[in-house]
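Trainee: structure here, sequence nowhere to be found:
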């Protein structure tokens with residue numbers, strides 16, 4: 001299960017528990033009791049709020065650290081929308097949409113306006129900005145069925161920004177081919193298991209010595 005899906009699912013599961021609680025009862029008391037009687041591998045250090053808004057600190061799902069989040073819920077006759085925003089250094093936000101007709105199916109939901117960013121450094125490239133923006137994503141039975149989104153990679157040590165359109169593939173993999181402004185394919189990224197693996201052509205790097213050493217620079221990103 002890739003890290004992007006784990007992140008979204010963990011937030012969604014904890015919010016389902018919140019929705020199932022009573023409006024005015026302290027949310028932490030209700031959710032902690034529900035988790036004790038379930039098989040969900042969800043842990044957190046602090047939870048406050050109610051059915052409409054609140055915060056979750058040190059959220060974990062299946063031993064994967066997700067982070068700290070504020071949440072805000074909206075309801076209609078057909079669906080529930082939950083906006084989540086990270087309140088730590090991870091810079092993550094988005095909206096989970098769950099149709100009420102499928103409220104018991106935890107593995108089926110949609111994502112809207114999801115964004116995530118990170119800055120990493122490698123031996124050859126320093127301070128690489130990685131920005132993920134998903135306009136729309138549909139998950140059915142834990143599988144990515146549809147995704148509309150763009151990944152952007154830039155750095156002062158790369159000649160120009162690389163961008164790629166995200167797509168769903170077999171084995172629940174989300175990937176993108178990376179292109180420059182001249183539409184030359186100069187890399188790729190794939191979200192699998194717990195990390196994202198990135199390959200960038202050394203043609204993007206002005207230092208000719210690096211091009212002599214290798215054709216591609218590969219690194220992983222742990223969001």
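Mentor: Arrived safely. These figures come from a predicted structure and were not determined experimentally. Numbering: from 1, shown residues only.

Trainee: show me the domain layout of the protein.
Mentor: Using automatic domain parsing, the domain parsing of the chain gives 3-102, 116-221.

Trainee: chain center to the longest one: distance?
Mentor: Same thing as domain 116-221. 14 Å (C-alpha atoms, centre = their mean, to the nearest Å).

Trainee: quote the end-to-end distance of it.
Mentor: 12 Å (C-alpha to C-alpha, to the nearest Å).

Trainee: what average pLDDT does that domain get?
Mentor: The average of the pLDDT scores along domain 116-221 is 88.

Trainee: would CSV of the domains of the chain with distance to residue 110 and mean neighbour count be doable?
Mentor: In short, each C-beta sits where N, CA and C put it, glycine included. Shown next, in CSV, are the domains of the chain (distance: least, C-beta to C-beta, whole Å; neighbours: other C-beta atoms under 10 Å):
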stretch, distance to residue 110, mean neighbour count
domain 3-102, 4, 16
domain 116-221, 5, 16
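
Trainee: quick one: the helices in this protein, in order.
Mentor: 3-19, 27-36, 208-213 (DSSP state H).

Trainee: tell me how far the nearest residue to residue 171 once chain neighbours are set aside lies from residue 156.
Mentor: Spatially, and ignoring its direct neighbours in sequence, residue 171 is nearest to residue 192 (7.2 Å; C-beta to C-beta, 6 or more residues apart in numbering). To residue 156, residue 192 is 29 Å away according to C-beta to C-beta, to the nearest Å.

Trainee: repeat that for residue 78.
Mentor: 47 Å.

Trainee: next one: residue 116
Mentor: 21 Å.

Trainee: then residue 57?
Mentor: 34 Å.

Trainee: what does residue 56 give?
Mentor: Counting by C-beta to C-beta, the gap from residue 56 to residue 156 is 36 Å.

Trainee: before we move on, what about residue 94?
Mentor: 28 Å.

Trainee: residue 103 too?
Mentor: Residue 103 is 48 Å from residue 156, by C-beta to C-beta.

Trainee: cool, residue 138 as well?
Mentor: Residue 138 is 36 Å from residue 156, by C-beta to C-beta.

Trainee: for residue 179, give me its contacts.
Mentor: 162, 163, 164, 185, 186 (C-beta atoms under 8 Å, 6 or more residues apart in numbering).

Trainee: oh, I was asking about residue 86
Mentor: Here residue 86 is in contact with 67, 68, 69, 92, 93 (C-beta under 8 Å, 6+ apart).

Trainee: give me the lowest-pLDDT entry from the residues you listed.
Mentor: At the low end of pLDDT for these is residue 67, which has 87.
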